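> Turn this into a model:
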Amino acid sequence: MSCGFLVLGVYLFLGIPIAKAKMAFEDFKEQYQISEAQLLDRHGNRVDEVRLDFRERRLEWTKLDEIAPDLLKMLLYAEDRNFYKHAGVDWTALLSAGIKNLFLDKTRGASTVTMQLASFIEPRLK
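Here you go, the predicted structure:
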């Protein structure tokens, strides 16, 4: 499932129109800038690379179909083990985290990949 479909699903779940969801993703992608600048020679060959933004590192945009399937599986396993079993919110993990956070000093979150993506694109969801 692509990230675009996940975002649209979250927006629909929250009652936000599809046009707004699509626009938010397109705006995000259009405004995305890598944190490095490349110095090229007159033939277009890279000579050096300089970091412009030290607050965070943003590399070149990578299309989903260019990412190794095993890497995606590992990412989902690490971030959202039940990704294919829920519709965007893992209610079991949310309840478990809530109970543990009440009684333990060390807190944990329960946001899914879908929830993280939605809050990244639409900050008012945080």
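
> Can you show me the strands along this protein?
Taking DSSP state E, the strands of the chain run over residues 36-40, 46-51.

> Identify the residues contacting stretch 49-59?
Defining contact as C-beta atoms under 8 Å, 6 or more residues apart in numbering, one finds that stretch 49-59 is touched by 32-39. For glycine as for every other residue, the C-beta is placed from the backbone atoms N, C-alpha and C.

> Got phi/psi on the residue lying farthest from the centre of the chain?
Here the chain reaches farthest from its C-alpha mean at residue 42, the gap being 36.4 Å by C-alpha atoms, centre = their mean. Backbone torsions for residue 42, taken as degrees, to the nearest 10, come to phi -70, psi -10.

> mind checking how far it is from residue 73?
Distance, residue 42 to residue 73, by C-beta to C-beta, to the nearest Å: 43 Å.

> and what of residue 97?
Applying C-beta to C-beta to residue 97 and residue 73 gives a distance of 23 Å.

> Looking at those two now, which is surrounded by more residues?
Counted by other C-beta atoms under 10 Å, residue 97 and residue 73 do not tie: residue 97 has more neighbours, with 16 against 11.

> For the closest residue to that one other than its chain neighbours, list the residues it contacts.
Spatially, and ignoring its direct neighbours in sequence, residue 97 is nearest to residue 110 (3.8 Å; C-beta to C-beta, 6 or more residues apart in numbering). Counting by C-beta under 8 Å, 6+ apart, residue 110 touches 90, 93-94, 96-98.

> Run through the protein and note the low-pLDDT ranges.
Residue ranges of the chain with pLDDT under 70: 1-24, 123, 125-126.

> The same query, at a cut-off of 90, please.
The chain contains residues with pLDDT under 90 at 1-34, 38, 53, 55-65, 67, 72-73, 75-126.

> Dump the contacts of residue 110 to a markdown table, plus distance to residue 26.
Listed next are those as a markdown table, based on distance: C-beta to C-beta, whole Å:
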| residue | distance to residue 26 |
| --- | --- |
| 90 | 28 |
| 93 | 31 |
| 94 | 30 |
| 96 | 36 |
| 97 | 33 |
| 98 | 35 |
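
> And the helices in the chain?
Using DSSP state H, the helices found in the chain span residues 3-13, 18-31, 69-79, 91-103, 113-121.
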